[in-house]
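>>> Just a sequence and a predicted model for now, questions to come.
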Amino acid sequence: SKSSTSAKAESLRYQIDSLRRTKESLDEIVETHVIKGVFIHRYRDSNMFIRKASIETLGHMVVRRPDMFLKDKYLKYFGWMLSDKEESVRVASLEGLNRPFQEAQLAEKSGKQSTIDLSSLEHVAVKFLTRIVDTVIDVHVSVQESGIKLMLSLLRAGLLDDIDDEKMWNQVNI
């Protein structure tokens, strides 16, 4: 009957609104308590293990919730930490920037639609490109390897197509 159909529709609308409000509340908690309360203070901690864990966690959050974290507002931390004095933190930063590319590639291989819009990385990639390129000739091989992997991901995604810097390309030489 028509009244039971409209009652069901109304009930579903109510549930959708309730879930939307719950999601907004949870997003607010993450933004306020996790990001502003913990991450902002710990990503530059004096302890390299805490800095590394902070950046690694952000990398996981970027692919878990790209709608919330795949934004310059958060991606810039990876770029900043590319200059960390510790090798493991630089590697974690490069891997964090590369993780969305890896997730998108996995989705593509399994025939699924990726929820990650790789073009969201373009601004950060261009802004920190000089530093990313410098990691390719870092003193530590693990940083070099991660830098090359990220450069290859950027190339595959077409994010470096408009870069016409001969000095940079000679330095990378890939």
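Noted; the coordinates are in hand. Numbers count the residues shown, from 1 in each chain.
>>> burial count for Gln144?
Neighbour count of Gln144, defined by other C-beta atoms under 10 Å: 16. (Glycine included, C-beta is placed from N, CA and C.)
>>> actually Glu87, sorry about that
Neighbour count of Glu87, defined by other C-beta under 10 Å: 17.
>>> I'd like to check which residues are in contact with it.
Neighbour list for Glu87: 138, 140, 142-143 [criterion: C-beta atoms under 8 Å, 6 or more residues apart in numbering].
>>> could you measure it against Leu152, distance?
20 Å (C-beta to C-beta, to the nearest Å).
>>> Over to Leu160?
Taking C-beta to C-beta, one finds Leu160 at 10 Å from Leu152.
>>> coming back round to it: filter the contacts of Glu87 down to the buried ones, PyMOL style.
Applying 16 or more other C-beta atoms under 10 Å to those, the buried members can be selected in PyMOL as follows:
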select buried, resi 138+143
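>>> ok, Leu160 and Leu152, which is more surrounded?
In terms of neighbours (other C-beta under 10 Å), Leu160 is the more surrounded of Leu160 and Leu152; the figures are 22 against 15.
>>> How far off centre is stretch 74-83?
In terms of C-alpha atoms, centre = their mean, to the nearest Å, the centre of stretch 74-83 is found 10 Å from the chain centre.
>>> Just the buried residues of it, please?
Residues of stretch 74-83 classed as buried by neighbour count (16+ other C-beta under 10 Å): 74-75, 77-79, 81-82.
>>> Check pLDDT for the contacts of Glu87 and point me to the minimum.
Within the set of those, pLDDT is lowest for Asp138 (94).
>>> what's it sitting at in phi/psi?
Main-chain torsions, Asp138, degrees, to the nearest 10: phi -60, psi 160.
>>> quick one, what contacts the nearest residue in space to it that is not next to it in sequence?
Nearest residue to Asp138 in three dimensions, chain neighbours excluded: Gln144, at 5.2 Å (C-beta to C-beta, 6 or more residues apart in numbering). Contacts here follow C-beta under 8 Å, 6+ apart; on that basis Gln144 touches 135-138.
>>> Point out the other helices and strands that the longest helix along the chain packs with.
What stands out as the longest helix in the chain, according to DSSP state H, is helix 2-29. Contacting helix 2-29 under the criterion 3 or more C-beta pairs under 8 Å, 6 or more residues apart in numbering; DSSP states H and E is no other helix or strand.
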